[in-house]
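Visitor: Sequence first, predicted coordinates after that:
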Amino acid sequence: MSRVGKNPITIPDGVTVSVDGVRVTVKGPKGEMARSFDPALTVAVDNGQVVVSRPSDHRRHRALHGLTRSLIQNMVTGVSSGYRKVLDIVGVGYRAELIGTKLNLVIGFSHPILLTPPEGITFTLTNPTQIVVEGVSKELVGELAAMVRKFRPPEPYKGKGIRYAGELVKRKAGKSAA
């Protein structure tokens, strides 16, 4: 059996999980998420736990077993506590600002970059050089944070650019005068 898939998911207080055929809906204090899963797998809710089981030891069923369990766990965690990624902006004159809900990045291009967050995702700024991406979907938060980082990834010589908080950027020596 899958080591990940066989573990039951504990449902925290304030979160409800409902299964309707292949569609699992999770509601909690932070929001609501719904997702459809492979019809071969069985998702059951009993005694405050969600249990995912597979019909056979076929390679595809084994692969989907752990994946389905992890996705449901991420949904439960997302609606109960949410997900967040913190990005740091390093560089002279590089900054971010919020215009309504939109994020405006000034990162050394001839034009500012304006980002509109998808539904369920919010941008907050602790200071002009630190962006916090928050939401209930682990996938969307990670994808949006990676997209923001991709506009100006940290470069190895001066370390300028957008990086994750705590990310270590390997620095290069550069040219040495002879």
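Guide: Good, I have the coordinates.

Visitor: Give me the domain ranges for the chain.
Guide: 9-80, 83-164 (automatic domain parsing).

Visitor: Can you say which of the ones you listed is nearest to residue 176?
Guide: Residue 176 lies closest to domain 83-164 among the domains of the chain, at 12.7 Å (C-beta to C-beta). (Each C-beta comes from the backbone N, C-alpha and C, glycine too.)

Visitor: how far does the closest one sit from the chain's center?
Guide: 14 Å (C-alpha atoms, centre = their mean, to the nearest Å).

Visitor: can you give me the end-to-end distance of that domain?
Guide: Domain 83-164 has an end-to-end distance of 14 Å (C-alpha to C-alpha, to the nearest Å).

Visitor: average pLDDT across that domain?
Guide: When pLDDT is averaged over domain 83-164, the result is 94.

Visitor: pretty sure residue 27 contacts residue 15?
Guide: Yes - applying C-beta atoms under 8 Å, one finds residue 27 in contact with residue 15, separated by 6.9 Å.

Visitor: overlap in contacts of the two?
Guide: residue 79 (C-beta atoms under 8 Å, 6 or more residues apart in numbering).

Visitor: now the helices: where do they sit in the chain?
Guide: 59-80, 138-151 (DSSP state H).

Visitor: For the longest one, name the packing helices and strands.
Guide: So the one you mean is helix 59-80. Under the contact criterion of 3 or more C-beta pairs under 8 Å, 6 or more residues apart in numbering; DSSP states H and E, helix 59-80 touches strand 9-10, strand 23-28, strand 31-36, strand 49-53, helix 138-151.

Visitor: Report how many residues lie close to residue 36.
Guide: Counted by other C-beta atoms under 10 Å, the residues lying close to residue 36 total 10.

Visitor: no, scratch that, I was asking about residue 130
Guide: Count around residue 130 with other C-beta under 10 Å applied: 14.

Visitor: Quickly note the distance from the residue nearest to it when sequence neighbours are not counted to residue 35.
Guide: Take residue 130 and drop its neighbours on the chain: the residue closest to it by C-beta to C-beta, 6 or more residues apart in numbering is residue 88, 5.7 Å away. Per C-beta to C-beta, to the nearest Å, residue 88 is found 32 Å from residue 35.

Visitor: Residue 112 now?
Guide: Applying C-beta to C-beta to residue 112 and residue 35 gives a distance of 35 Å.
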